[in-house]
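**Q** sequence and predicted structure below; questions after.
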Amino acid sequence: MKNTLLLLTLLSSSIFAMDGKKMTIYKSPFCGCCTKWVEIMKDKGFEVNTIKTDKMNQVKQQLGVSPQNASCHTAVVDGYVIEGHVNYSEIQKMLTEKPEIRGLTVPGMPIGSPGMEQGHIKQKYNVLYINKDDSTGTYKAY
């Protein structure tokens, strides 16, 4: 019984770990898929500050996101950069484990990624981690 209670406590704390965590999201005022991704992050418990700008390239440059790692929107949470349609589960994992990386990215806009849903159509894509030297590696394959 003690083990069951401990497991339930750990699970419930990880499920609600993002409640109230602040995320700033930079996006074009005209991008609908970005708006869908923002709503997903809100639904997962992030306190979201959305900044609409037509200067996304400048935002990405200032945050150290190179063109090969770019997507349509850029977010910042706990000092990490989240570029594009990154899955919530990978963001939660990163914020829990706190790796020594710049952040996560899903370059481009793959169909089937969060905010890019198109019915049953799903492209394969990778969530990449971005190291501080701008090198990347696969964080999770979808």
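**A** That came through fine.

**Q** what does the helix or strand hosting N49 rub up against?
**A** Using DSSP states H and E, N49 sits within strand 47-52. Residues outside strand 47-52 that contact it (C-beta atoms under 8 Å, 6 or more residues apart in numbering): 20-29, 38, 41-42. For every residue, glycine as well, the C-beta is placed using N, CA and C.

**Q** make TSV out of these and add neighbour count.
**A** Putting these into TSV (neighbours: other C-beta atoms under 10 Å) gives the following:
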residue	neighbour count
G20	9
K21	17
K22	11
M23	23
T24	15
I25	22
Y26	21
K27	21
S28	15
P29	10
V38	20
M41	24
K42	14
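
**Q** I'd like the residues you listed as CSV, with secondary structure and pLDDT appended.
**A** Formatted as CSV, the contacts of strand 47-52 follow (DSSP: H, G, I helix; E, B strand; the rest coil; pLDDT from 0 to 100):
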residue, secondary structure, pLDDT
G20, coil, 73
K21, coil, 93
K22, strand, 96
M23, strand, 98
T24, strand, 98
I25, strand, 97
Y26, strand, 97
K27, strand, 94
S28, coil, 91
P29, coil, 90
V38, helix, 95
M41, helix, 97
K42, helix, 96
